[in-house]
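*Asks:* Sequence and computational prediction follow.
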Amino acid sequence: MQTVQQLLQNNNVDTKLVSAIDAVLEASKEISFLLQKGAMSGILGSAEQENVQGETQKKLDVISNDLLKDILKDCPVVAGIASEEEDFPVPANKDGEFLVIFDPLDGSSNIDINVTVGTIFSILPSNGGDASVEKTYLQSGRNQLAAGYVLYGPSTLLVMTTGQGVDIFTLDPETKEFVLTDAQSTITPATQEFAINMSNQRFWAEPMQNYVADLLAGETGKLGKRYNMRWVAAMVADVHRIIHRGGIFMYPWDSRDAKKPGKLRLMYEGNPMSMLVEQAGGMSSTGEMAIMDVQPETIHQRVPVILGSKEEVEMALSYSK
Ligand code: AHG
Ligand code: MN
Ligand code: MN
């Protein structure tokens, strides 16, 4: 069976980019093994400190961030890193060519209940810029050279793109290699499944309220088909389901906090997931424009997210026209 390194080599991916990807995968394997040991590795529970976004960190948010940071800083091709759990960008190697941006642990509210979590990553060119300053990282998602996530579920999976479609790999616990198990995965254009945190309903804008009301009306409403709903509270797991069997995932704009136009983060979650979804033939939008066309203004900026099966996303967007 083909390993991820063999596939990247066959696809003629720049060997330097491959070594940056390898560093991410090395750290993700460590995270995966810690998760498998669970309570025995002392990783569960709160770290009793907050990140720059005012969220209480879990121990594993901190541990996985440190693992990624340490391995990436030692990787000569990496110029710098930016993480959801770091206040500021961290410079790495002055001759490095890549910026690695990550959400070390997505869905961290799931850790303590033994439900799926993941690591999301995005790789940008450094273009010779100063990797100690935020400005160097403020590139649109269209500049991404690679994006992906590692999903820590019943199996540990890697879902990745370097701009040549989306491939899915499974971590073999015996050889500790990611092997190709689903090549060139695509998202079905129409489905009957949606994912949204319904408890925020009253805070959404009117077009979103109307769209979700029609989803709920099912075959009796104007969409004319019955929908099912799923919400794992880990974007990695919700997006993974969509890559597998289609659907629409939404964390739309809401009025809870004027400083946060959406909960999810553009650089750590929105952009990498959008690259995967577009590469798999799906669609991804803020509600107003393609997420990957957003010009970031700060590294921790939030963005409304509507992504998944193309026809479903187009239908959702049609409500605001
Ligand atoms: P993180 O654990 O990195 O902070 O991300 C959690 C995100 C995302 O994964 C998920 O879709 C969403 O937050 C869940 O939000 P709710 O708490 O509103 O369900
Ligand atoms: Mn996250
Ligand atoms: Mn996180």
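*Replies:* It's in. Ligands and ions are numbered 1, 2, ... in the order given.
*Asks:* OK, contacts around the closest residue to ligand 2 within the stretch 201-321 of the chain?
*Replies:* Across the stretch 201-321 of the chain, the shortest distance to ligand 2 (C-beta to the ion) belongs to E269, at 5.1 Å. The way it works is simple: take the backbone N, C-alpha and C, and place the C-beta from them, glycine included. Taking C-beta atoms under 8 Å, 6 or more residues apart in numbering, we find E269 in contact with D103, D106, I120, M235, V305.
*Asks:* Show me what the first one is bridged to.
*Replies:* When bridges are taken as DSSP bridges, the partners of D103 come out as I120.
*Asks:* was I right about it contacting A82?
*Replies:* No. Counting by C-beta atoms under 8 Å, D103 does not reach A82; the two are 10.4 Å apart.
*Asks:* distance between stretch 292-300 and the chain's centre?
*Replies:* Its chain's average C-alpha position is 15 Å from that of stretch 292-300, according to C-alpha atoms, centre = their mean, to the nearest Å.
*Asks:* Need the residues that contact it.
*Replies:* Contact with stretch 292-300 is made by 52-53, 82, 84, 89, 101, 134, 137-142, 144, 265-267, 270-271, 274-275, 278, 284, 286, 303, as judged by C-beta under 8 Å, 6+ apart.
*Asks:* all helices for the stretch 1-150 of the chain, in order.
*Replies:* With DSSP state H, counting those that start in this stretch as the criterion, the stretch 1-150 of the chain has helices at 4-10, 15-37, 59-73.
*Asks:* Just the CA trace of the longest one, in PDB.
*Replies:* The C-alpha trace of helix 15-37 is given here as PDB (Å, rounded to 0.1, in the frame of the first residue of the first chain):
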ATOM      1  CA  THR A  15      10.500  17.700  -1.500                       C
ATOM      2  CA  LYS A  16      10.900  20.700   0.900                       C
ATOM      3  CA  LEU A  17       7.100  21.000   1.200                       C
ATOM      4  CA  VAL A  18       7.000  17.300   1.900                       C
ATOM      5  CA  SER A  19       9.400  17.700   4.800                       C
ATOM      6  CA  ALA A  20       7.200  20.400   6.300                       C
ATOM      7  CA  ILE A  21       4.200  18.100   5.900                       C
ATOM      8  CA  ASP A  22       6.200  15.300   7.500                       C
ATOM      9  CA  ALA A  23       6.900  17.400  10.500                       C
ATOM     10  CA  VAL A  24       3.200  18.000  11.000                       C
ATOM     11  CA  LEU A  25       2.500  14.300  10.700                       C
ATOM     12  CA  GLU A  26       5.300  13.400  13.100                       C
ATOM     13  CA  ALA A  27       3.600  15.600  15.800                       C
ATOM     14  CA  SER A  28       0.200  14.300  14.900                       C
ATOM     15  CA  LYS A  29       1.300  10.700  15.500                       C
ATOM     16  CA  GLU A  30       2.500  11.700  19.000                       C
ATOM     17  CA  ILE A  31      -0.800  13.300  19.700                       C
ATOM     18  CA  SER A  32      -2.600  10.200  18.400                       C
ATOM     19  CA  PHE A  33      -0.600   7.900  20.700                       C
ATOM     20  CA  LEU A  34      -1.200  10.200  23.700                       C
ATOM     21  CA  LEU A  35      -5.000  10.200  23.000                       C
ATOM     22  CA  GLN A  36      -5.000   6.400  22.800                       C
ATOM     23  CA  LYS A  37      -3.400   6.200  26.300                       C
END
